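# give me coordinates for this.
(chains A and B)
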Amino acid sequence: MKILLMGNPNVGKSVFFNRLTGAKVTVSNYPGTTVDYSKGYMRLEDEDFEVIDVPGTFSLEPRDKAEEVAVKMFRENKDSVIIIVIDSVKLERGLYLALEIIEEGYPVIIALNMWDIAKRKNIQIDVEKLKDILGVPIIPTVAVSGKGIKKLASEIKRAFPADINKIVEMVGGIA
Amino acid sequence: MRKKLSEMGYGEEGMVKRIDESLRDQLAGMGIRVGKKLKMATKQPIKGPVVITVDKSSISLGLGIADKVLVEVEK
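Modelled structure (predicted):
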């Protein structure tokens, strides 16, 4: 089975990749570091998973080369579990992409990364409520320190597609 | 007072009133939509990009895009 790491540019996908696979992919603090993709493997309860570090994208409608790669990877791997990495400080735009991915019917897990920075900026996110609305596992993480990674990995095998109609119902319809 | 995002001055704040149809999806993916509050953080000289603050995070936009966003600026 495959695991795709997806999210906006510069949210920490490659740090997750390194944490999950033990690889050493270049990580730097500016957007667009991953323009090609990296592949690695991780073992979960005696089962091997292929992990793909997808370039950052704002949406599933590509606007540049890196986004084209991202969307192509996404479309070509229909049987994958998607780990959606969101910068907790930039929740709204992360959720925009997350909903697009959920709409396509993939099993997803959401990582609210950079949780420590959001806290420092006094940004409060009601994780339980978000879980209720989206109906998928949501885990606050700090990828650079490893916080939440184990919990995230433990959810991979249990990931399932969310019901977009139920989400629409939960938020009271489409505006 | 309404002005284009590209015409806002340093430190000016306002609320997004209208976004050109062709850019609506693209900007929504960046957390900018009608009703959103924003602040002009930096303007680069000579037709350079603008940097705005939305929801405590910075976003840079090309002038071509900033031209197509209409903002109600607070006095």
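# look up how far A:Lys150 lies from the residue nearest in space to the middle of chain A.
For chain A, the residue sitting closest to the mean C-alpha position, by C-alpha atoms, centre = their mean, is A:Ile84 at 1.3 Å. Taking C-beta to C-beta, to the nearest Å as the measure, A:Ile84 falls 18 Å from A:Lys150. No exception for glycine: its C-beta is placed from N, CA and C like everyone else's.
# and A:Lys72, by the same measure?
31 Å.
# and what of A:Ile174?
Distance from A:Ile174 to A:Lys150, by C-beta to C-beta: 37 Å.
# in terms of helix, strand or coil, where does the residue nearest to the centre of chain A fall?
Of the three states, A:Ile84 takes strand according to DSSP: H, G, I helix; E, B strand; the rest coil.
# kindly report the same for B:Gly35.
coil.
# pLDDT below threshold where in the chain?
In the absence of a named chain, chain A is used. By pLDDT under 70, the low-scoring segments of chain A are A:24-34, A:175.
# that's the other chain; I wanted chain B
Within chain B, the segments meeting pLDDT under 70 span B:75.
# before we move on, the earlier item: ok, A:Ile174 and A:Lys150, which is more surrounded?
A:Lys150 (11 against 5; other C-beta atoms under 10 Å in any protein chain shown).
# helix or strand: which one has the more buried one?
Following DSSP states H and E, one finds A:Lys150 within helix A:149-156.
# again, but for A:Glu169
A:Glu169 belongs to helix A:164-170, assigned by DSSP H and E.
# buried residues in that helix, which are they?
Along helix A:164-170, these residues count as buried under the neighbour rule (16 or more other C-beta atoms under 10 Å in any protein chain shown): A:Ile167.
# show me what it is packed against.
helix A:91-103, helix A:127-134 (3 or more C-beta pairs under 8 Å, 6 or more residues apart in numbering or on different chains; DSSP states H and E).
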